[in-house]
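Student: 3D, please:
(2 chains)
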There are 2 protein chains.
Amino acid sequence: MHLVAIGGSDAGISAALRARELDPSVDVTVVVADRYPNFSICGIPYYFSGDVQPWQSLAHRTAADLETTGMSLRLDTLATGIDVAGRRLTVRTSAGETEQIAYDELMVGTGALPSYAGIAGLDQLGPHDGVHVLHSMGDTFALDRHLDERDPKTAIIIGAGYVGLEMAEGLTGRGIRVTQLQRGPEVLSTLDPELASLVHAEVAEHGVEVLTGTTVEAVTKTDSGLAVVGSRNGEPFTQTADLVLAVVGVRPNTQLLEAAGATLGAGRAVVVDEGMRTGLPHVYAAGDGVVTHHRLLGVTYLPLGTTAHKQGRVAGENAIGGDARFAGSVGTQVVKVFDLVAARTGLREHEASAAGYSPVSSTAVADDHKRYYPGAQPITIRITGDERDGRLLGAQLVGRLGTETAKRVDTYATALFAGLTVEQVSDLDLSYTPPLGSPWDAVQIATQQWSRETAGVRA
Amino acid sequence: MHLVAIGGSDAGISAALRARELDPSVDVTVVVADRYPNFSICGIPYYFSGDVQPWQSLAHRTAADLETTGMSLRLDTLATGIDVAGRRLTVRTSAGETEQIAYDELMVGTGALPSYAGIAGLDQLGPHDGVHVLHSMGDTFALDRHLDERDPKTAIIIGAGYVGLEMAEGLTGRGIRVTQLQRGPEVLSTLDPELASLVHAEVAEHGVEVLTGTTVEAVTKTDSGLAVVGSRNGEPFTQTADLVLAVVGVRPNTQLLEAAGATLGAGRAVVVDEGMRTGLPHVYAAGDGVVTHHRLLGVTYLPLGTTAHKQGRVAGENAIGGDARFAGSVGTQVVKVFDLVAARTGLREHEASAAGYSPVSSTAVADDHKRYYPGAQPITIRITGDERDGRLLGAQLVGRLGTETAKRVDTYATALFAGLTVEQVSDLDLSYTPPLGSPWDAVQIATQQWSRETAGVRA
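Tutor: Numbers count the residues shown, from 1 in each chain, chains lettered A, B, ... in the order given. Coordinates of the predicted model:
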């Protein structure tokens, strides 16, 4: 049995590891487009902030670690075609040669590509022009070289999502004056503006110029630097900088599977079932290139590293004859932005409404631990529940670093996974000691507030 | 409608607050034996460590705060008898007078009393002798006076449970040489010795002399101070100190309800149903004096502040005509000991076996966040699950302060509440960002380890 995994990131490596773990007699080959298998893409901003050095430490495992598990790595090798009937993969080697790799089972983890969000110039300008994306180690090295060799004083970051905010912190920490452009009315559009505004205040306080309501139409090279052109609150907008970083989301990288006959679904990602089967015989797929089974939404597209790990593991198990199922995402996400932590799980109101729920929300502010014990800090928590049956639909949290906000969101994530109601969260037996919590944890102060505020509208 | 609550601690105050919140037309009187309603007993060790000053800040709410909600407080008033048929409570006022208080509904939250664990002398010696317990503000003031006026150099703490360990930290921080005596083979007998030994090492490293395997038989006054006498690992044991603090657990304070005809059950606590009804007409009870409905054990006795809050709230709601139910404890507990956090939820193996489960356990050590990001620290996690159906039965965690261990235990607590299997915990969609977690959170590294280690024995 020969399992071939395409992709050296979370999904591909997870599949390969799982297969080797379950059956060490299986031959596993991982085809990796670059030289950097199993790198933590989520860690790249911390390389630029200087928190993580050298870049090699960003590897979850080294190539040698991976090979010790018994898998073979084909680095610098680009998968270019799948012969589904013949169970053969065509690849182009670093030497430019075309080869065929025979497989019994194939797992495709080609991930996603940076989106350009329709911004003119992003497809033509590149690192040599001072225009960057940040999705691979190659992108990392290019940006790093730019910083080292050209010492930019000013940067424009297009996008204020997770990576954009983390990079605003990273570049600010290196003394670069950062302007951050966001199309929507508030940064971090994955949170309600009420909570995201706390993140906005945090980055602004650290010297980042945040311009919300700014639609970027084009990036061009001018004599005075790179010009970002668009409109802001209905007025024409132009700003120049030495460096432009575009981090406006991703799109699934589906070319290989599309050409092989796979179906596209939500978010134009490849359709897979919960066992990560593409429907093409002997072809599995996982990660940022495939649709996401979501416990509250059904099938959607929500690419996250945690999900890619889980899906890859399922694919690896099933490819060698198992019958694992991806249990589903609930959309849990967290980001550290300077000294703030912002997290969410489940659905916000507009997402819940679109999915047929009847959401109502409330916002509470509760201390992370007993106020009498030194260092207590407020956490802002927004709860969304269904007014018909009281089911918990989502939670958003913003608290300072050190408030255990990142793991408090996990309590809600677990409750969502289990289908608990908001009131059942109030009933949970959570831990308490004065330095680290309250008899009713902040998590429950928020759900109790929801119960009080929504009592009038609930069935 | 006149609701009378006996007890100024968690259960009594929670009941009173809930009744007033739900129906502001209800008259509520709280009968409080001392002058300190709604004090956070769990916070007392932090008063001695100096973290919390002045003692008044230990109040969850001041008497004035409480009265603002519309409840009446009868301070320094001891309930001495319940006339169930006549719905009258007999009390003794601070002036020594006997009064009757008529009620429509009664909620008894008399809590627990310090246990002496059969140690001779503890019932005779008191604060004036240098022998202390720590269960009320009165005990707090007595110990405080002792420290101020007699400046003890050495202390023996009998017991190495939560309060004992917190007080070892508190007294050590004041320059007192502390010897801590523990009957069992390891400190913190609520954890498996494998994990508790980490706590032992932490207190020892901070200069506390920990003597496990030490059974105390008596405390006596001698010319050279207080002598603690017993046996240690089969040999006679004697040690003297300037101060003795006995914190060897509690026993339910049931005298009042017993005399009124209530039934005693688990742990010799008062039997109540999940609605906190004692079976005596119009008499509810909650808190450390009553049995605990436990989601995995059925009815047991497990007094905890968090539980008292929840039970009191249920009692307050039901006393004024509601139909709330206490959803049940899963035994979640956490303690900070110097720079370590130790937590547990659910059952350990011997508890699970006794309750008819078929427990198997495994221990993992996992970083709190990605190792490449500065400050990563290991968390030791022991998982217990049922080998027959894979159900999660319990989790124990020990990690350093700052590792979000206190809220990681809550993920397991939520999973236990919902009846998830160990493998479902591995499937949870938990939050991840490199500074605060891993793609598979430490919580899941531990459950995956359990799955691997126990695969051979499971059905």
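
Student: domains in chain A, by residue range?
Tutor: A:2-41+A:49-111+A:252-319, A:127-246, A:340-454 (automatic domain parsing).

Student: return the most buried member of these.
Tutor: Compared across the domains of chain A, domain A:340-454 shows the largest average neighbour count, a mean of 23 (mean count of other Cβ atoms under 10 Å in any protein chain shown). In short, each C-beta sits where N, CA and C put it, glycine included.

Student: residues contacting the spatially most central residue of chain A?
Tutor: For chain A, the residue nearest the mean C-alpha position is A:Leu304 (3.8 Å; Cα atoms, centre = their mean). By Cβ atoms under 8 Å, 6 or more residues apart in numbering or on different chains, the contact set of A:Leu304 is A:329, A:331, A:333, B:432.

Student: got phi/psi on the closest residue to the third one other than its chain neighbours?
Tutor: So the one you mean is A:Gln333. In this structure, A:Gln333 finds its nearest non-sequential neighbour in A:Arg344, 5.6 Å apart by Cβ to Cβ, 6 or more residues apart in numbering or on different chains. Torsion angles at A:Arg344 (phi, psi; degrees, to the nearest 10) stand at phi -150, psi 160.

Student: my guess is A:Arg344 contacts A:Leu397. True?
Tutor: Yes - counting by Cβ atoms under 8 Å, A:Leu397 is a contact partner of A:Arg344 at 7.3 Å.

Student: need the overlap of contacts for these two.
Tutor: A:Val409.

Student: helices along chain A, start to end?
Tutor: Using DSSP state H, the helices of chain A run over A:10-22, A:44-48, A:63-68, A:137-150, A:162-173, A:193-205, A:255-259, A:305-319, A:349-354, A:405-418, A:422-427, A:442-454.

Student: got these as TSV, with mean pLDDT and distance to B:Asp76 columns?
Tutor: Shown next, in TSV, are the helices of chain A (pLDDT from 0 to 100; distance: least, Cβ to Cβ, whole Å):
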stretch	mean pLDDT	distance to B:Asp76
helix A:10-22	98	64
helix A:44-48	96	58
helix A:63-68	96	68
helix A:137-150	97	69
helix A:162-173	97	56
helix A:193-205	98	45
helix A:255-259	98	77
helix A:305-319	98	56
helix A:349-354	98	51
helix A:405-418	98	40
helix A:422-427	98	34
helix A:442-454	97	32
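
Student: show me where the stretch 251-400 of chain A has strands.
Tutor: A:283-285, A:292-294, A:298-300, A:333-337, A:340-346, A:359-367, A:378-386, A:392-400 (DSSP state E, counting those that start in this stretch).

Student: what residues are up against A:Thr69?
Tutor: A:16-17, A:20-21.

Student: ok, which pair from these is furthest apart?
Tutor: The widest separation within those, taken as Cβ to Cβ, falls between A:Ala16 and A:Glu21 and amounts to 9.6 Å.

Student: which one is A:Gln100 nearest to, not counting chain neighbours?
Tutor: A:Arg88 (4.9 Å).

Student: pLDDT wise, what is A:Ala459 at?
Tutor: On pLDDT, A:Ala459 comes in at 67.

Student: rewinding a little: ok, the residue nearest to A:Gln100 - contacts?
Tutor: A:82, A:100-103.

Student: the residue nearest to A:Gln333 bridge partners, please.
Tutor: A:Gln333, A:Gln396 (DSSP bridges).

Student: list the residues that contact it.
Tutor: Counted by Cβ under 8 Å, 6+ apart, A:Arg344 has contacts A:190-191, A:331-334, A:394-397, A:409.

Student: rebuild these as JSON lines, extending it with distance to A:Ala33.
Tutor: As requested, the contacts of A:Arg344 are exported to JSON lines (distance: Cβ to Cβ, whole Å):
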{"residue": "A:Thr190", "distance to A:Ala33": "28"}
{"residue": "A:Leu191", "distance to A:Ala33": "33"}
{"residue": "A:Gly331", "distance to A:Ala33": "28"}
{"residue": "A:Thr332", "distance to A:Ala33": "29"}
{"residue": "A:Gln333", "distance to A:Ala33": "26"}
{"residue": "A:Val334", "distance to A:Ala33": "29"}
{"residue": "A:Gly394", "distance to A:Ala33": "36"}
{"residue": "A:Ala395", "distance to A:Ala33": "37"}
{"residue": "A:Gln396", "distance to A:Ala33": "36"}
{"residue": "A:Leu397", "distance to A:Ala33": "37"}
{"residue": "A:Val409", "distance to A:Ala33": "33"}
